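> A structural model of the following input is requested.
(one chain, ligands or ions: 1)
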Amino acid sequence: MTLVGDLSESELLARFVPLLGAPGAALVGPGDDCAVLSAPDGKVVVSTDVLVEDVHFRRAWSSAREVGRRAAAQNLADAAAVGAVPTGLVVSLVLPGELPAVWVEDLARGLDDACRPWGAGVVGGDLAGGPLVVLAVTVLGDLEGRAPVLRSGARPGDVVAHAGVRGRSAAGFALLDAGRADDARVPADVRAVVLDAFRVPSPPVGAGRAAAVAGATAMLDVSDGLLRDAGRIASASGVRLAFDDPADVLADEVALLSPVAAALGADATQWVLAGGEDHGMLATFPPGVALPDGFRTLGRVEELPTDGARVTVGGRAVRAGGGWDHFGPGKD
Ligand SMILES: [Mg+2]
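Next up is the predicted model:
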């Protein structure tokens, strides 16, 4: 088996680069000192993210292809979250010499899997040796002439809506973390759904652009849990985000995760409201706007009362940090 340490940098690149599709925006792709991307809007959207082995992923839990898909997906979601169309990724890798070269090839395939549906792709990066795998991914995007959708634009009276899955990644992580990925008490199809959601998040990247076109007033992608990230919009906008009772608006999601929660003695509602890393789009829209496909209304934006909670669920205050207690104190 060929290891990374057996190859020169150019030999490794010769295996990696051909597996990456060229994005439509690339005027000059990998191979020169810089790539060149078109930026038709005249402004460039940029965001970056680092994934560290054993902190953000484990090689025992996820294949290289899954790690690549996940790394790309969470960056594509960041571009989408301001209403941009992702155009290219720059990916820098730290790789241990004892890593099989085929692992790096599969990583490239995973990056390409995630980018290809959106017309994006990897245009450059860097390689270095090190004691564990680190991926530093930068996404570039284009706003197509629109204003960016920021966290600060939510106004009282707006509708709170979300596109994407909720809580599935947290449920998948909990199964793996408990060493129960094969637990037969959880139906196999449910296990597959949640494990997949954790290993390979599938953000609704197109929903970000659609929300911007529809006039979304604020947006972000949910990386740290619905309630915690809702708190970020509320803080930036100086408003309250009031979620309806999950038993009314999220019953299907809670029901889906319930067999996993039952097997682990956990709380499916907590995963749906507070689970991270699903990377759905949480947005606010002016009242009366027809929500784009995939968005579901979860609540509304209210004036922030003096000393009141920034986020409520079914009328109950959510603690700072996004914790939510079914049986907690009543209204704030
Ligand atoms: Mg984000």
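> can we go C-alpha only for contacts and neighbour counts from here?
Fine.
> Nearest to the ion: which residue in the stretch 1-150 of the chain?
Per C-alpha to the ion, residue 78 is where the stretch 1-150 of the chain lies closest to the ion, at 4.4 Å.
> Which residue, neighbours along the chain excluded, lies closest to the closest residue to the ion within the stretch 151-300 of the chain?
Nearest residue of the stretch 151-300 of the chain to the ion (C-alpha to the ion) works out as residue 221 at 4.8 Å. Once flanking residues are discounted, residue 221 sits nearest to residue 281: 4.6 Å by C-alpha to C-alpha, 6 or more residues apart in numbering.
> Over to residue 257?
In space, and not counting its chain neighbours, residue 257 is closest to residue 268: 5.5 Å by C-alpha to C-alpha, 6+ apart.
> re earlier: what's the neighbour count on the residue of the stretch 151-300 of the chain closest to the ion?
Applying other C-alpha atoms under 10 Å, we find 31 residues neighbouring residue 221.
> what sits against it?
77, 78, 80, 81, 279, 280, 281, 282 (C-alpha atoms under 8 Å, 6 or more residues apart in numbering).
> ditto for residue 131
95, 96.
> did I read that right, it in a helix?
No. Assignment of residue 131 by DSSP: H, G, I helix; E, B strand; the rest coil gives coil, placing it outside any helix.
> residues from the stretch 101-250 of the chain in reach of the ion?
With the criterion set to C-alpha under 5 Å from the ion, the stretch 101-250 of the chain comes near the ion through residue 221.
> so where do the helices sit in the stretch 101-250 of the chain?
In the stretch 101-250 of the chain, the helices defined using DSSP state H, counting those that start in this stretch lie at 101-115, 168-177, 188-199, 205-214, 226-237, 246-249.
> Would you format those helices as JSON lines with mean pLDDT included?
Below are the helices of the stretch 101-250 of the chain laid out as JSON lines (pLDDT from 0 to 100):
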{"stretch": "helix 101-115", "mean pLDDT": "97"}
{"stretch": "helix 168-177", "mean pLDDT": "95"}
{"stretch": "helix 188-199", "mean pLDDT": "96"}
{"stretch": "helix 205-214", "mean pLDDT": "98"}
{"stretch": "helix 226-237", "mean pLDDT": "96"}
{"stretch": "helix 246-249", "mean pLDDT": "92"}
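> would you turn those helices into JSON lines with mean neighbour count?
Below are the helices of the stretch 101-250 of the chain laid out as JSON lines (neighbours: other C-alpha atoms under 10 Å):
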{"stretch": "helix 101-115", "mean neighbour count": "22"}
{"stretch": "helix 168-177", "mean neighbour count": "23"}
{"stretch": "helix 188-199", "mean neighbour count": "19"}
{"stretch": "helix 205-214", "mean neighbour count": "23"}
{"stretch": "helix 226-237", "mean neighbour count": "23"}
{"stretch": "helix 246-249", "mean neighbour count": "14"}
